[in-house]
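Visitor: Can you look at this prediction? I've put the sequence above it.
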Protein chains: 2
Amino acid sequence: MIKIALDAMGGDFGVPVTVPAAVEAVRVNGGLELILVGDETQVQTELKRLGAANEARLSVRHTTQTVGMDEAPAQALRMKKDSSMRVCVNMVKSGEANACVSAGNTGALMATAKYVLKTLPGIDRPAICARIPAVKGHTYMLDLGANLDCSAEQLLQFAVMGSVLVAATEHKPQPKVGVLNVGQEDIKGNDQVKGAAKLLDGSGLNYIGFVEGNDVFLSDVDVVVCDGFAGNVALKTMEGASKTIAHFLREEFSRNWMTSISAAFAMPVLKALRQRIDPRKYNGASFLGLTGIVVKSHGSSDAVALRNAIEVARLEVEEDIPRRIDSQLEASLSARRTA
Amino acid sequence: MIKIALDAMGGDFGVPVTVPAAVEAVRVNGGLELILVGDETQVQTELKRLGAANEARLSVRHTTQTVGMDEAPAQALRMKKDSSMRVCVNMVKSGEANACVSAGNTGALMATAKYVLKTLPGIDRPAICARIPAVKGHTYMLDLGANLDCSAEQLLQFAVMGSVLVAATEHKPQPKVGVLNVGQEDIKGNDQVKGAAKLLDGSGLNYIGFVEGNDVFLSDVDVVVCDGFAGNVALKTMEGASKTIAHFLREEFSRNWMTSISAAFAMPVLKALRQRIDPRKYNGASFLGLTGIVVKSHGSSDAVALRNAIEVARLEVEEDIPRRIDSQLEASLSARRTA
């Protein structure tokens, strides 16, 4: 049985989204147990409404505080010791849960996770990793915003973490790792990416060299490592670009009666396209490099999206990702010492 | 009459693209004169083939060298003093041309332009600026790859340059300027963007604060400033994202006979969408901050794309962009001194 603590108060909607997602998740997966962490009255009311008050694999842990979506991380860490978010992370630390999932304030969750769980030996700072839809399927990218300035050593650590995650969860023994840069030639780039390239040569990872922003989608790279500034810019740029294309498509289809008729004909295709790039399918960013498993769900997640984040956490528990990162890091460092 | 020197040998295709683009450009615009810089025999042969050998507003300047697309910028600068690219830039310096356009090697063009033309007083380094399609029309973004690490002062200079370009060419008196960041809150970001935000407050520019990757497309910001690393990543990410969506759309429309029929119905709409985000329409990146006007056309440009780059250069000559940047920079610096 895999036990996951779910921050029932997190995200833009809280209980009306988190509780239905939890109910559905345990109904779909018989090997999953969820602990709903938050205001007991609110959670129980919602459980009753859904006819799930007696579901054996759902329990409630009462907490008295919540972390606001715009609250400063330091403030949350200091003042919100009984928040749903903090208690979730504490439960991972104590072993009461195998992982936790929260749709709450990203900065506060990262600060709490680092403070409570600590990083693995050899990891300077955790990174945020997510899947990106790509022509070949998808690509994993990290860091997406936790570390704005990264040293070459940190980029190497990200490469190890991403590589382990893809090898374990996608069953690809040697994932292709690339470093995000402004060109593919060795002479291109800033000191950090050039340094990371040197460290990655002979790290034992399947390092394929520098990749550019378009390669995230169009090449066969599996793991793209970058500092959190570039990663966050890339993530939000792709979101903006796809929304813009969707907007243009809508405008063109509603231009006149003829285009409106063609829209009706094209509806099944447009629906299939929407499903294919549905951000909810890609919800669930992993905080990698910690001693425990913490997954961040998008703040505006609905129940479908949140269930995907729960599934990300479940898979990481099943594959014991923190332990695997720990041993791969050891292997990569000793490979470099030998080289 | 506006005179533009065109690097006839530049780009992936050279003369078969550059000469037809030049012929069409002068035919469409009676106030434009183009100097085709490159191998005279090749250019004249192409001109004859197009029946344009006697076109009064097209002249040829013979050069003996070309800069390779992968040639190291330093090598091009030192060894290719009679290259089509170098002579184009020289002609801007001497005043024989009001601007130059090249589809050649970006690094070599930037190095040559900086060396020959120099930057304006108060500008540390030139930046690459281009238009990006957006929901509201388009957004200008700089730097797109010339300066990987940028100080707060450089970001301010980019803001001045972009603001001047948009004010003059789009006839917007107070363009909205944003600094690209990983969040909109003041506490977010690295030292450079925080420093730039401080400098921009009270610069006299219409500074609207931090913007994120999606805001480039979805908000009403006119000018987005960033370091060349983030800018290049954003530019290539949007390219990759839109190609991926186009790929998915093609796949979904060709899934079975029913979707193929709906594709036929949707064809006019898909064509309109393609035209709307056609990268050729957005071709022509400006090297801003130099004493003269240099426009870079994409290496793979066809004649249509190259004509758009020529039009970008023409407009910048008409609006006297370098002089305007010079005076706005002075005004912004003195506004800050007063503030």
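Guide: Perfect, thanks for sending it.

Visitor: Tell me the buried residues in the strand or helix carrying A:Ala159?
Guide: Assigned by DSSP states H and E, A:Ala159 belongs to helix A:152-169. Using 16 or more other Cβ atoms under 10 Å in any protein chain shown as the test for burial, helix A:152-169 gives A:152, A:154-169. In this view, the C-beta of every residue, glycine as well, is placed from N, C-alpha and C.

Visitor: angle of the helix or strand just after that helix against helix A:152-169?
Guide: Going down the chain from helix A:152-169, the next helix or strand is strand A:176-180, by DSSP H and E. Interaxial angle, strand A:176-180 versus helix A:152-169 (axes from the mean of the first three to the mean of the last three Cα atoms, to 10 degrees): 150 degrees.

Visitor: And strand A:176-180, what does it pack against?
Guide: For strand A:176-180, the elements it packs on are helix A:152-169, helix A:191-200, strand A:206-211, strand A:223-225, helix A:228-253, judged by 3 or more Cβ pairs under 8 Å, 6 or more residues apart in numbering or on different chains; DSSP states H and E.

Visitor: mind checking which of the ones you listed is nearest B:Pro73?
Guide: Among these, helix A:191-200 comes nearest to B:Pro73, with 16.9 Å by Cβ to Cβ.

Visitor: Packing partners of the closest one?
Guide: Counting contacts by 3+ Cβ pairs under 8 Å, 6+ apart, helix A:191-200 is packed against helix A:152-169, strand A:176-180, strand A:206-211.

Visitor: Would you mark the buried spots in it?
Guide: For helix A:191-200, the neighbour count (16+ other Cβ under 10 Å) marks A:192-197, A:199-200 as buried.

Visitor: For chain A, which segments count as strands?
Guide: Taking DSSP state E as the criterion, chain A contains strands spanning A:2-7, A:32-38, A:58-62, A:99-102, A:127-134, A:137-142, A:176-180, A:206-211, A:223-225, A:285-288, A:293-296.

Visitor: could I get those as CSV with mean neighbour count?
Guide: Output for the strands of chain A, formatted as CSV (neighbours: other Cβ atoms under 10 Å in any protein chain shown):
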stretch, mean neighbour count
strand A:2-7, 26
strand A:32-38, 25
strand A:58-62, 18
strand A:99-102, 30
strand A:127-134, 24
strand A:137-142, 24
strand A:176-180, 26
strand A:206-211, 20
strand A:223-225, 30
strand A:285-288, 27
strand A:293-296, 28
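
Visitor: So for chain A, the centremost residue is which one?
Guide: A:Ala285 (0.6 Å; Cα atoms, centre = their mean).

Visitor: what sits against that residue?
Guide: Taking Cβ atoms under 8 Å, 6 or more residues apart in numbering or on different chains, we find A:Ala285 in contact with A:128-130, A:144, A:295-297.

Visitor: and A:Pro121, how many neighbours?
Guide: 9 (other Cβ atoms under 10 Å in any protein chain shown).

Visitor: which residue packs closest to it, ignoring adjacent ones?
Guide: A:Asp326 (7.1 Å; Cβ to Cβ, 6 or more residues apart in numbering or on different chains).

Visitor: Next, count neighbours for the closest residue to chain B within the stretch 51-200 of chain A.
Guide: Going by Cβ to the nearest Cβ, chain B is nearest to A:Val182 of the stretch 51-200 of chain A, at 4.1 Å. Using other Cβ under 10 Å, A:Val182 is surrounded by 25 other residues.
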